[in-house]
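> sequence plus the predicted model coming up.
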Amino acid sequence: MPELPEVETIVREMRPAVQGRVLREMAVLDSSAFSLSPLAPEQVKGLEVLSVRRRGKYILMDLGSFCIAIHLRMTGQLRWGEPDPRSRVIFRFSDGSQTLSFVDVRRLGKVLIFNTEDMSKVLSLGQEPLECGCDQFLEGLRQRRGRIKPLLMNQGFVAGLGNIYVTEALFASRIKPTRRASDLTQREGRQLFQAIQNCLKMGIQNGGSSFRNYVDLYGNPGRTQKKWRVYAKPAGSACPRCTQKLRFVMMAQRGTVYCPKCQR
DNA sequence: ATCTATTCCTGGCTGC
DNA sequence: TGCAGCCAGGAATAGA
């Protein structure tokens, strides 16, 4: 399940591979992958990939006045090399180099083309958690009465967090996932902000997390899953901090693990 | 504003 | 060994 660290890993690998190359063709083999795109694939033919960036969980290929955004959702992968027979979208370059393939068994991922000036409207994302200041984050929390976990998963609030890193950050900062955001103390908010940044940086340093099927541009799995402290742990197993039995609840249709003793 | 339910989707797992 | 049924969840959407 690619979240910010997985997407960041892919983006860093994509830069030497595709930056500066000219798109010869973008072949859409599965129209459902492209169903939400404002513009057609013909728009990007012959354009140079000026830069590759990440915004939230989106991979962005900047082409000047146009932009391509790729969202991997649950099982999407980007692969560099020979076109994969399972590819749903294939990017070919004019120098005849290797191709960039979008593969996605569950077909939930999306590719979008839009005018660069429309980006904020098309993506509608909140702050980058590794770039915004702590005070800005605290101010955001203060204004929200909803529960902290769904709020952190809301891409319009902070962009790039998903179930894995939110679960880990709440555990690290000892905050119960059901707490109301506006009820967090200043101190708790700061600890949460620090924990989010630490979890994301650790994820990036370790090449992302491979749980079900995340792999990078070259098919390599990440290593961060070895660092998880509570995510994917079964209910009733021992808390790694206090040995109390971990609890499992559903929140906003997401499995949520926490320690009832040390997360308050 | 905030919440829940539904939809999308299929490999992998469970239980019979 | 086979097969039906369920489950995972990011995000859009609808409705309460």
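Thanks, I have it. Numbers count the residues shown, from 1 in each chain, chains lettered A, B, ... in the order given.
> list the buried residues of the longest helix belonging to chain A.
Ranked by residue count and defined by DSSP state H, the top helix of chain A is helix A:186-205. For helix A:186-205, the buried set under the neighbour-count rule, 16 or more other CB atoms under 10 Å, comprises A:188-193, A:195-197, A:199-200, A:202-204. No exception for glycine: its C-beta is placed from N, CA and C like everyone else's.
> nearest to DNA strand C, of these?
The closest of the buried residues of helix A:186-205 to DNA strand C turns out to be residue A:203 (CB to the nearest atom of the strand; 13.5 Å).
> list the residues that contact that closest one.
Contact analysis of residue A:203 by CB atoms under 8 Å, 6 or more residues apart in numbering lists A:3, A:4, A:5, A:6, A:165, A:209, A:222, A:224.
> one more pass at 6 Å, please.
Neighbour list for residue A:203: A:5, A:224 [criterion: CB atoms under 6 Å, 6 or more residues apart in numbering].
> model confidence for it, exactly?
Note on residue A:203: pLDDT of 95.
> the strands in the stretch 101-250 of chain A, which residues?
Assigned by DSSP state E, counting those that start in this stretch, the strands in the stretch 101-250 of chain A fall at A:110-115, A:247-251.
> ok, and what's touching the last one?
It stands for strand A:247-251. Contacts for strand A:247-251 (CB under 6 Å, 6+ apart): A:149, A:177, A:235, A:256, A:257, A:258, A:260.
> show the contacting residues for the first one.
In this case it means residue A:149. Counting by CB under 6 Å, 6+ apart, residue A:149 makes contact with A:166, A:177, A:251.
> what does the pLDDT read for the closest residue to it other than its chain neighbours?
With sequence-adjacent residues excluded and distances taken as CB to CB, 6 or more residues apart in numbering, residue A:149 is closest to residue A:177, at 3.8 Å. The model reports residue A:177 with a pLDDT of 95.
> tell me the buried residues in stretch A:66-79?
For stretch A:66-79, the neighbour count (16+ other CB under 10 Å) marks A:66-72, A:74-79 as buried.
> right, I'll call it a day here.
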